[in-house]
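Trainee: Provided below are the primary sequence and the corresponding predicted coordinates.
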Amino acid sequence: MEIISKINDEALKISLVGELDANGAINLDNIIKKAIADSYYNIIIDCQQLTYISSAGLGVFISHIEDLKEKQGKFVFCNMNSNVMNVFKLLGLQNVMSIADDVAEAKKALDEN
Amino acid sequence: MHHEYRIVNHTLRNRIVLGGSLLAFLLIFLHEMAGIRNGFSGFVHLGDFSQSLLLSFFLLGSGYFIYRLFSNIEFFNVEELLGYLILVGLLTLLFNVLPEMLIWGGVNWNPHGYLELIYYSLALLSILFYIYLGSVLFLRLTKVQHSKWGRRTWYFLLSILICSLGFNFFDIDPNNTLYWIFLGFAACALFLHFIRLTWIALLSSRVKLYTIALMLVVVLISLGITQKLYNYPLASYMGITLPANTFLLITIGFVNGYGLFSLAALLFNLPIAAVMDEKHTELEGFREISKVIEENSNQQEILKLLFKRSLENTHASGGWIAEIDPKEQAESILMQQGIHDKDLKRLYLSLSSNRRHFSIDVETNYLYIKDFRQDKFLKNHDIQYRSMVIFPITINHMPIAKLYLAKPFANGFDEYAIDLVLSYVVQTKLSIYNANLLRQTLESERMKKDLEIGKSQQKRLLPDCFPTFDQADIAAMSIPAEEVGGDYYDYYELNGNRTAFIMADVSGKGTLAAFHVAEMKGIFQSLVLQNLEPAEFLIKSNQAVSRCFDKGMFITLIYIIFNWEKQEAIYARAGHCPVIFFDKEANKVSTLQDEGLGLGILRNENYDTLVTQQRVKYKKGDLLILLTDGVLEARNEKKNEEFGMDRLLAAVRSYNYMPVNDLLKTIIKQTDQFAEGTEKHDDLSLLIFKMK
């Protein structure tokens, strides 16, 4: 499941809770689509309570990279546990998505844009 | 053969018995004849004992013969059985009243001596035949519904009959109490048979009237013949007063008694029969409604059947059944009978405008309007009906239809009728539910078949086996998590004594991933012809994948080229599980370190800069292992742990000495054992190279 909170007029924070499986991925996709439609192009993904992410879940983020990039926005992931971090590093996602330690750093990373 | 032999034996035995008893009779007959010649009028002493013996043998033997003969003949029904008995009875009666008839006809027939003896012997035989036949046939009727008590009562009667033959040997004093006690027992045995009248209940009411007539005739004939026997001129035939003969007394008692009891029971049964018939049609209604499932009927047909049967069996004069559209909650009439359209419309209007008043109680499942004239919303209707019951039909809390039944008088439906329709409704719901289920099952079976086809097709995408390479032993296996999966491996022999291998993992699993595997195979098979270096292969693959794959789908892969001569391999890893390398000499196992992004993530030239290529040298005995993350992600739910890379590396180190096939099986067994039955989470593939 996901908890959405607004950071400012351009940035959004989505906290992921539990496992992100195929069904959850569909839900998440809708949320991100809506966020983009509402002109939020900087999205922080808080993985503090995320235990597992499936390839479907990864696919959701991957599919929206270009959408955000077009509007000079991006995803920033933070508070990832070792499992999730491993998955990211193995896939090589650190090259296409920003990873921060915590939410504060993530916000800074957004400002760098 | 054995079976035939037994039957022959039976008939042979029967014939012997028949022959024997007829012989006995013949002897008595001849004895009587001798007596006549000698001037006696028939009372001849053969010697009491022998005479009694002959008589007993004759009675028992002929009885047995007729019993065996008629016990097994097939009668289609009771009418046929009674008809047969009547025929024999009439013939017997006719034969026995021949003298009277002739006298009445003006012929002065007064037989003497031999002629008299012959005639009355034949008459006696015919009477005996009728009495035996009647007994045997009625006995069959008592056996219509078998029970263990039935057998016991029959054995009781049989033993009484056999004992009664004993009285042939003595002169009976009518005041002998012992004799009357015996007769009392006989009466009991007979009575126990008289009450076995189950066959009457099984007759349908149409047949019952006909059967009453037949049974009446049988009773009259039996009484007539009995009367003839008791007025038998040669009453002292065979030295024993024949009618008083206890054996005959009991059998005659049986025939007449059972006939009378049956007649009475038939008459008393008539009103019950009408009710039984109704029950029968009601049951038929049930059977019909449940049978429709076999005939692959649809919902509408089942509902129409419900309407027809309910209308019939409640004797309602009119009504209709309406289907309810689940979305619009509107009723559309499926079938109506006995009611005018305009009346129907007016009723609907009243019912729907006053929903609260006409709501149907969830607990009772129906609405009973007992009298229209007493109902404030319906009393002004000038309509031919005065009482109505409404039954809703819901499946899974969704209303699908409503049944309306009406009668032209008030309080037209009793509790019984309403219960009946409610039972029909339950059966209907079941039938509709089952019919839907059946349809869904058939569809799902078809889809399963399609998946099976997909599975076998996908197997064709992976190589069956690898050719034997001089420089390496290879073992490979791929196990999808579902019927079809997203893993792929393949090989291609390049020039210069080199072979290219690919191991890939499409994101996701199931049918969608499997389709993309086919696409990847196409990409591999064409790109490999271009003899590219691994890095270049990845770059071009990314371009292809970016064009072909759905948005959000990506693929990880390793592309490795073995140069057998140089004993080295070059490879590039695109986001895939790292290669495992076992150094035999150093006895060390490790994962090769490298960088690389999966394909289909960066769908432009920015991807190219992220590709790296590595070289690894190997020696004899070294192991190189490609895998997909299904191996690592084998999960034990109880411990909430994954198999993980560490365990895999440990296993490789421990079992490195094994031949590749055994090593492969061992690793997979270890992951299974670790999972302890937890369902497979991801597709699993392994490709092991043991360098020679």
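Mentor: Sure thing, it's come through. Predicted model, so just to flag it, every value in this text is computed and none were measured. Residues are numbered from 1 along each chain as shown, chains lettered A, B, ... in the order given.

Trainee: ramachandran angles for A:S39?
Mentor: Main-chain torsions, A:S39, degrees, to the nearest 10: phi 70, psi 30.

Trainee: how close does B:I131 get to B:N245?
Mentor: From B:I131 over to B:N245 the distance is 11 Å, taken as Cβ to Cβ, to the nearest Å. Where you see a C-beta, it was placed from the backbone N, CA and C, and this is true even at glycine.

Trainee: where does the residue nearest the centre of chain A land in three-state SS?
Mentor: Nearest residue to the geometric centre of chain A (Cα atoms, centre = their mean): A:I45, 3.6 Å. Assigned by DSSP: H, G, I helix; E, B strand; the rest coil, the conformation of A:I45 is strand.

Trainee: same deal with B:K402?
Mentor: Secondary structure assignment for B:K402 (three-state DSSP): strand.

Trainee: that one contacts B:G319, correct?
Mentor: No. With contact defined as Cβ atoms under 8 Å, B:K402 does not reach B:G319; the gap is 10.6 Å.

Trainee: which stretches of chain B have low pLDDT?
Mentor: Along chain B, the model assigns pLDDT under 70 to residues B:1-10, B:31-48, B:75-76, B:109-114, B:145-146, B:171-174, B:204-206, B:233-244, B:293-294, B:296.

Trainee: and it, which residues reach chain A?
Mentor: B:507-508, B:551-554, B:556, B:574-578, B:595-598, B:600-603, B:610 (Cβ under 8 Å from any Cβ of the partner chain).

Trainee: mind checking which helix or strand B:A569 is in?
Mentor: strand B:568-574 (DSSP states H and E).

Trainee: which residues are contacting that strand?
Mentor: Applying Cβ atoms under 8 Å, 6 or more residues apart in numbering or on different chains, the set of residues contacting strand B:568-574 from outside is A:92, B:533-535, B:537-538, B:541-542, B:555-563, B:579, B:592, B:594-599, B:611-618, B:624.

Trainee: so which residue of the stretch 151-300 of chain B comes closest to chain A?
Mentor: Nearest residue of the stretch 151-300 of chain B to chain A (Cβ to the nearest Cβ) works out as B:Q299 at 32.1 Å.

Trainee: tally up the residues packed near that residue, please.
Mentor: Applying other Cβ atoms under 10 Å in any protein chain shown, we find 19 residues neighbouring B:Q299.

Trainee: hmm, B:I400 and it touching each other?
Mentor: Yes. Counting by Cβ under 8 Å, B:I400 is a contact partner of B:Q299 at 7.2 Å.

Trainee: what do the two both touch?
Mentor: Common contacts of B:Q299 and B:I400 (Cβ under 8 Å, 6+ apart): B:323, B:432.

Trainee: partner strands of the one helix or strand in chain A whose mean pLDDT sits lowest, with direction?
Mentor: The weakest-scoring helix or strand in chain A, judged by mean pLDDT, DSSP states H and E, is strand A:2-6 (a mean of 77). Paired strands of strand A:2-6, with direction, are strand A:11-20 (antiparallel) (DSSP bridges).

Trainee: let me see the residues that make contact with the strand it pairs with.
Mentor: Residues outside strand A:11-20 that contact it (Cβ under 8 Å, 6+ apart) are A:1-7, A:24, A:28, A:31-32, A:35, A:40, A:42-54, A:56-57, A:103, A:107, A:110.

Trainee: narrow these to those that are buried.
Mentor: Buried members of the contacts of strand A:11-20, scored by 16 or more other Cβ atoms under 10 Å in any protein chain shown, are A:2, A:7, A:24, A:28, A:32, A:35, A:40, A:42-47, A:50, A:52-54, A:56-57, A:103, A:107, A:110.

Trainee: count of neighbours near the closest residue to B:M398 other than its chain neighbours?
Mentor: In space, B:M398 comes closest to B:P326 once its chain neighbours are excluded; the distance is 5.6 Å by Cβ to Cβ, 6 or more residues apart in numbering or on different chains. Using other Cβ under 10 Å, B:P326 has 10 other residues around it.

Trainee: check contacts around B:P326.
Mentor: Contact partners of B:P326, counting by Cβ under 8 Å, 6+ apart, are B:398-400.

Trainee: which of those count as buried?
Mentor: Buried positions within those, assessed by neighbour count (16+ other Cβ under 10 Å), are B:399-400.

Trainee: for the nearest residue to B:N436 once chain neighbours are set aside, give me its contacts.
Mentor: Nearest-residue entry for B:N436: B:Q299, 7.6 Å, with adjacent residues in sequence omitted and distances by Cβ to Cβ, 6+ apart. B:Q299 makes contacts with B:323, B:400, B:432, B:435-436, as judged by Cβ under 8 Å, 6+ apart.

Trainee: now the helix or strand hosting B:L663: buried residues?
Mentor: Using DSSP H and E, B:L663 sits within helix B:660-675. In terms of neighbour count (16+ other Cβ under 10 Å), helix B:660-675 has its buried residues at B:660, B:663-664, B:667-668, B:670-672, B:674-675.

Trainee: which strands or helices does that helix pack on?
Mentor: Contact partners of helix B:660-675 among helices and strands, from 3 or more Cβ pairs under 8 Å, 6 or more residues apart in numbering or on different chains; DSSP states H and E: strand B:472-479, strand B:635-636, helix B:644-654, strand B:684-691.

Trainee: strands of chain A, start to end?
Mentor: Applying DSSP state E to chain A gives strands spanning A:2-6, A:11-20, A:42-53, A:74-78, A:98-100.

Trainee: what's the angle from the fourth one to strand A:11-20?
Mentor: Read it as strand A:74-78. Strand A:74-78 runs at 60 degrees relative to strand A:11-20, counting by axes from the mean of the first three to the mean of the last three Cα atoms, to 10 degrees.

Trainee: give me the number of residues near residue 95?
Mentor: Defaulting to chain A. Neighbour tally, A:N95, other Cβ under 10 Å: 18.

Trainee: hmm, I had chain B in mind actually
Mentor: Neighbour count of B:F95, defined by other Cβ under 10 Å: 16.

Trainee: quick one, phi/psi of it?
Mentor: With angles defined as degrees, to the nearest 10, B:F95 sits at phi -60, psi -40.

Trainee: can you pull the contacts of the residue lying closest to it once chain neighbours are set aside?
Mentor: Leaving aside its sequence neighbours, B:F95 sits nearest to B:S126 (Cβ to Cβ, 6+ apart; 5.3 Å). The contact partners of B:S126, by Cβ under 8 Å, 6+ apart, come to B:91-92, B:95-96.

Trainee: list buried residues within those.
Mentor: So, by 16+ other Cβ under 10 Å, the buried ones in those are B:92, B:95-96.

Trainee: ok, the residue of the stretch 401-550 of chain B at minimum distance from chain A to B:I523 distance?
Mentor: Closest residue of the stretch 401-550 of chain B to chain A, Cβ to the nearest Cβ: B:S507 (3.6 Å). Distance, B:S507 to B:I523, using Cβ to Cβ: 16 Å.

Trainee: more neighbours: the two, which one.
Mentor: For B:S507 versus B:I523, the count of surrounding residues by other Cβ under 10 Å is larger for B:S507: 27 against 24.

Trainee: which residues does the closest residue to the more buried one other than its chain neighbours contact?
Mentor: Excluding its sequence neighbours, the residue lying closest to B:S507 (Cβ to Cβ, 6+ apart) is A:S55, at 3.6 Å. Going by Cβ under 8 Å, 6+ apart, A:S55 touches B:507-508, B:554.
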